[in-house]
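A.B. asks: Let me see the structure of the following:
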Amino acid sequence: MAEGKVLTGAGLRGQVAGKTALSTVGKSGAGLTYRGYDVQDLAENCQFEEVAYLIFFGELPTAEQLASYKAKLKSLRQLPQALKEVLERIPADSHPMDVMRTGVSMLGNLETEKSFDQQQDIADRILATLPAIICYWYRYSHDGVRIEESTDDDSIGAQFLHLL
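C.D. replies: Numbers count the residues shown, from 1 in each chain. Now for the predicted structure:
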């Protein structure tokens, strides 16, 4: 049997988990960045959808690109009935991360990937449905209410707050 590297006292400090051009974490002088932008600056000056666009496409969107992207995400919010039925069976004391994982897994089974070319569409669908997944489960499991998950809100943040 092969022997593994023994770490003593350092935890995972200094261990490289992977390399990416998308972000830096704790890099000397850089702190936390996405695509070269300081996360603090993004949090203070950008909408969530702008940051998602930056991560996915490598640049901040123009006003026209942002409006188009937000409209696309808005069109993808509706949850399939079969997914709602699964969410209704998840206990109220479940951890929200487990609920989102289960919701995304079920969505992947209902809307299967046919081609690698669909990766961006799948990422957008997940991004658009996560607020509805968590809020639908929460409202049903805690209040017994089946909510209408599509709202007229143009941003993911506004939709999330509306659904709560």
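
A.B. asks: Show me which positions of the longest helix along the chain end up buried.
C.D. replies: The residue-count maximum for a helix in the chain (DSSP state H) belongs to helix 119-143. Going by neighbour count (16 or more other CB atoms under 10 Å), the buried part of helix 119-143 is 124-141. To be clear about C-beta, it is placed using only N, CA and C from the backbone, and glycine gets the same treatment.

A.B. asks: Next, find the distance separating residue 89 from residue 142.
C.D. replies: Per CB to CB, to the nearest Å, residue 89 is found 14 Å from residue 142.

A.B. asks: can you pull the contacts of the residue nearest the centre of the chain?
C.D. replies: In the chain, the C-alpha closest to the average C-alpha coordinate belongs to residue 127, at a distance of 4.6 Å (CA atoms, centre = their mean). Taking CB atoms under 8 Å, 6 or more residues apart in numbering as the criterion, residue 127 is in contact with 52, 73, 156.

A.B. asks: Repeat that for residue 104.
C.D. replies: Contacts of residue 104 (CB under 8 Å, 6+ apart): 126, 129-130, 133.

A.B. asks: Can you give the domain ranges for the chain?
C.D. replies: With domains defined by automatic domain parsing, the chain comprises 23-61, 77-163.

A.B. asks: could the ones you listed go into CSV alongside distance to residue 67 and mean pLDDT?
C.D. replies: Output for the domains of the chain, formatted as CSV (distance: least, CB to CB, whole Å; pLDDT from 0 to 100):
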stretch, distance to residue 67, mean pLDDT
domain 23-61, 9, 89
domain 77-163, 8, 96
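
A.B. asks: Tabulate those domains in a markdown table, adding columns for distance to residue 17.
C.D. replies: Formatted as a markdown table, the domains of the chain follow (distance: least, CB to CB, whole Å):
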| stretch | distance to residue 17 |
| --- | --- |
| domain 23-61 | 10 |
| domain 77-163 | 19 |
